[in-house]
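Colleague: sharing a model prediction with you, sequence too.
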Amino acid sequence: MIIKDDNELVYEVIQGSISSFEVLIDRYQKTIFNLMLRMVNDTETAKDLTQDLFVKAYEKIGGFNFKFRFFSWIYRMAFNMAIDWNRKRQPACPIEMVESRLSDTPEPNDSEIRSNLLHVALRKLDPDYRVLVLLKYYCGLSYQEIQETTGIPLKKVRSRLFIAREQLRKGLIVNDFFEHD
């Protein structure tokens, strides 16, 4: 089986191949869903946004610029869609309620405690910093790929990630994250 690169598949989609778009969906659906989930903090909303994203990508694929990589283009769309959704929605559940729910759960193990504390600290980050952390550490993008995805200059990507990591570290210290080692 010949594995085609993304740009070949995009070209075929523009020519009318729906099966090529299905390959792109299979290739990126899980990663996009995980990004959406981390950004919106709700499984059903993340599923809906992921589906909406691929519909939007299909509709706009004719305007794809082949000098860029497809993954940067679709990640950028996902990033913007999640940011827009977060800006439009009313806070569904304040952080304090999440923290109180965490305290109501029966005897979580250290891994669950650490995961929940990390989740709370991530949610407290400014969305502009949070998305960079998610792209870097959850999606595994390089600094260059983050620059392509977000349109933020490389130096700013590096400096904002530094600031984000510092804010995250301070938030984790406040919540006794490191006490669970």
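Modeller: Received, thanks.

Colleague: give the contact list for the residue positioned nearest the centre of the chain.
Modeller: Central residue of the chain (Cα atoms, centre = their mean): L35, 2.4 Å from the mean position. Neighbouring residues of L35 by Cβ atoms under 8 Å, 6 or more residues apart in numbering: Y75, A78, F79, A82, L134, L135, Y138, C139. All C-beta spots, glycine's among them, are computed from the backbone N, C-alpha and C.

Colleague: so can I have JSON lines of those residues showing distance to S159, neighbour count and secondary structure?
Modeller: Output for those, formatted as JSON lines (distance: Cβ to Cβ, whole Å; neighbours: other Cβ atoms under 10 Å; DSSP: H, G, I helix; E, B strand; the rest coil):
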{"residue": "Y75", "distance to S159": "20", "neighbour count": "25", "secondary structure": "helix"}
{"residue": "A78", "distance to S159": "23", "neighbour count": "28", "secondary structure": "helix"}
{"residue": "F79", "distance to S159": "18", "neighbour count": "23", "secondary structure": "helix"}
{"residue": "A82", "distance to S159": "22", "neighbour count": "26", "secondary structure": "helix"}
{"residue": "L134", "distance to S159": "17", "neighbour count": "22", "secondary structure": "helix"}
{"residue": "L135", "distance to S159": "15", "neighbour count": "24", "secondary structure": "helix"}
{"residue": "Y138", "distance to S159": "20", "neighbour count": "15", "secondary structure": "helix"}
{"residue": "C139", "distance to S159": "20", "neighbour count": "19", "secondary structure": "coil"}
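
Colleague: okay if I get those residues as a markdown table plus pLDDT and distance to E44?
Modeller: Listed next are the contacts of L35 as a markdown table, based on pLDDT from 0 to 100; distance: Cβ to Cβ, whole Å:
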| residue | pLDDT | distance to E44 |
| --- | --- | --- |
| Y75 | 86 | 22 |
| A78 | 89 | 17 |
| F79 | 82 | 20 |
| A82 | 85 | 14 |
| L134 | 81 | 19 |
| L135 | 81 | 23 |
| Y138 | 74 | 19 |
| C139 | 74 | 21 |
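
Colleague: fine, thanks again, bye for now.
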